[in-house]
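> A predicted structure for the sequence below; I have some questions about it.
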Number of protein chains: 2
Amino acid sequence: MAELVVLYKTPKDAAAFDKHYAETHIPLAKKLPGLKKYAVSKGPVATPGGPSPFHLVAILSFDSMGDIQKAFGTPEGKAAAADVAKFATGGVEMQMFDTKDV
Amino acid sequence: MAELVVLYKTPKDAAAFDKHYAETHIPLAKKLPGLKKYAVSKGPVATPGGPSPFHLVAILSFDSMGDIQKAFGTPEGKAAAADVAKFATGGVEMQMFDTKDV
């Protein structure tokens, strides 16, 4: 498998972020070709030391890094990426990698 | 479900990191009570813009945030946490959260 981990820093307006994410971004991201599973943090994100700088984390699963890269190149991928700028007012970090179960 | 995402920044000596992670840390972390699934990045971590500051990402799955917090309090959790300082020479970030599939 391969994972795309998307970490959204705390936005200026959390309620507006949550509304846009649920109503607009999830439907757009679910259209990504090759997407196998899409999990989103529910409730606060925490660290072992206390509160996190991140408001929401999404983990999108694909079969391979190649499939993630292909998805970014599709019209659906470009639409989802363009949408991020509309609500991720605190910034966003994305990490992607192939995985192995251990 | 709940996820513990562990992001290891690029260490001073990647080969030593990889050896310690595979031979010592994985066996310790696999003993965490309540651990349901443990996936580790294979090969380079990337971002949409290019190379990532992270050398390795681990995603540890549990049934709930409560189970993650309980695991940190056990002897096995304390042993795994203490081990991190021995090889994570570039630093480490941990994020934990309950999830929902969307």
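Okay, I see it.
> And the helices in chain A?
Using DSSP state H, the helices of chain A run over residues A:14-20, A:26-29, A:65-73, A:75-87.
> Distance to chain B, mean neighbour count and mean pLDDT added to these, as JSON lines?
C-beta here means a position set from N, CA and C on the backbone, and glycine is covered the same way. Output for these, formatted as JSON lines (distance: least, C-beta to the nearest C-beta, whole Å; neighbours: other C-beta atoms under 10 Å in any protein chain shown; pLDDT from 0 to 100):
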{"stretch": "helix A:14-20", "distance to chain B": "13", "mean neighbour count": "14", "mean pLDDT": "97"}
{"stretch": "helix A:26-29", "distance to chain B": "5", "mean neighbour count": "17", "mean pLDDT": "98"}
{"stretch": "helix A:65-73", "distance to chain B": "7", "mean neighbour count": "17", "mean pLDDT": "96"}
{"stretch": "helix A:75-87", "distance to chain B": "8", "mean neighbour count": "15", "mean pLDDT": "97"}
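> Test my guess that A:K42 contacts B:F97.
Yes: judged on C-beta atoms under 8 Å, A:K42 makes contact with B:F97 at a distance of 7.1 Å.
> Looking at these two, which is more packed in?
Comparing A:K42 with B:F97 by neighbour count (other C-beta atoms under 10 Å in any protein chain shown), the higher total belongs to B:F97, at 24 against 15.
> Spit out the contact partners of the more buried one.
A:S41, A:K42, A:G43, A:P44, A:V45, A:A46, A:V57, B:A2, B:E3, B:M65 (C-beta atoms under 8 Å, 6 or more residues apart in numbering or on different chains).
> how about the nearest residue to it, chain neighbours excluded?
Closest residue to B:F97 in three dimensions, ignoring its sequence neighbours and counting by C-beta to C-beta, 6 or more residues apart in numbering or on different chains: A:S41, at 3.7 Å.
> So what pairs up with the one you found in the strands?
According to DSSP bridges, the partner residues bridging A:S41 are B:T99.
> from the contacts of B:F97, which two are the most distant?
Distance extremes for those: the farthest pair is A:P44 and B:E3 at 13.4 Å, using C-beta to C-beta.
> who has more neighbours, these two?
Ranked by neighbour count (other C-beta under 10 Å), A:P44 and B:E3 place B:E3 first, with 24 against 14.
> From start to finish, how long is stretch A:84-96 in a straight line?
Stretch A:84-96 has an end-to-end distance of 17 Å (C-alpha to C-alpha, to the nearest Å).
> hmm, who's touching that stretch?
Counting by C-beta under 8 Å, 6+ apart, A:2-13, A:16-17, A:20-21, A:24-25, A:55, A:65, A:68, B:7, B:45-48, B:52, B:54, B:57 sit against stretch A:84-96.
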